[in-house]
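1. Got a sequence here, can you model it:
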Amino acid sequence: MYIVFIALLYIWVMMLITATSWLSGIAAFVLGGLMLAVAYYLLDSPGRKRRRLAAEKAGHPDTKG
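-> Residues are numbered from 1 along each chain as shown. This is a model prediction of the structure:
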């Protein structure tokens, strides 16, 4: 998971470095940040499931179900 996220982070930084104007830099910052957030959410899905199952198994009252 981390290698994919680091690669996307590298791409995002390169997009910011090569931006030709302030407007394109801001757009690259916002859109790239959203891309990273979605990628992290999708890549962390197995981890969230594993943590949820571990919490249910331990009997924590704050878990749903």
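2. And residue 2, what's its pLDDT?
-> The model reports residue 2 with a pLDDT of 83.
3. ok, it - contacts?
-> Contacts for residue 2 (Cβ atoms under 8 Å, 6 or more residues apart in numbering) come out as none. C-beta: built from backbone N, CA, C; applies to glycine.
4. swap in residue 8?
-> So residue 8 contacts 35, 36, 39 (Cβ under 8 Å, 6+ apart).
5. May I see these organised as CSV, with neighbour count and secondary structure added?
-> Converted to CSV, these look like this (neighbours: other Cβ atoms under 10 Å; DSSP: H, G, I helix; E, B strand; the rest coil):
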residue, neighbour count, secondary structure
35, 15, helix
36, 15, helix
39, 17, helix
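6. and which of those is nearest residue 7?
-> Residue 7 lies nearest to residue 39 out of these, by Cβ to Cβ, at 9.7 Å.
7. mind checking which helix or strand of the protein has the lowest mean pLDDT?
-> Sorting the helices and strands of the chain by mean pLDDT, DSSP states H and E puts helix 45-58 at the bottom, at a mean of 86.
8. So what's the gap between that helix and the chain middle?
-> 18 Å (Cα atoms, centre = their mean, to the nearest Å).
9. next one: stretch 9-23
-> 18 Å.
10. swap in stretch 43-54?
-> Between the centre of stretch 43-54 and the centre of its host chain there is 14 Å, according to Cα atoms, centre = their mean.
11. Can you mark which positions in it are buried?
-> Residues of stretch 43-54 include none that count as buried (16 or more other Cβ atoms under 10 Å).
12. Relative to residue 51, how far out is residue 17?
-> 35 Å (Cβ to Cβ, to the nearest Å).
13. Residue 29 now?
-> 30 Å.
14. One more: residue 8?
-> Counting by Cβ to Cβ - residue 8 and residue 51 are separated by 23 Å.
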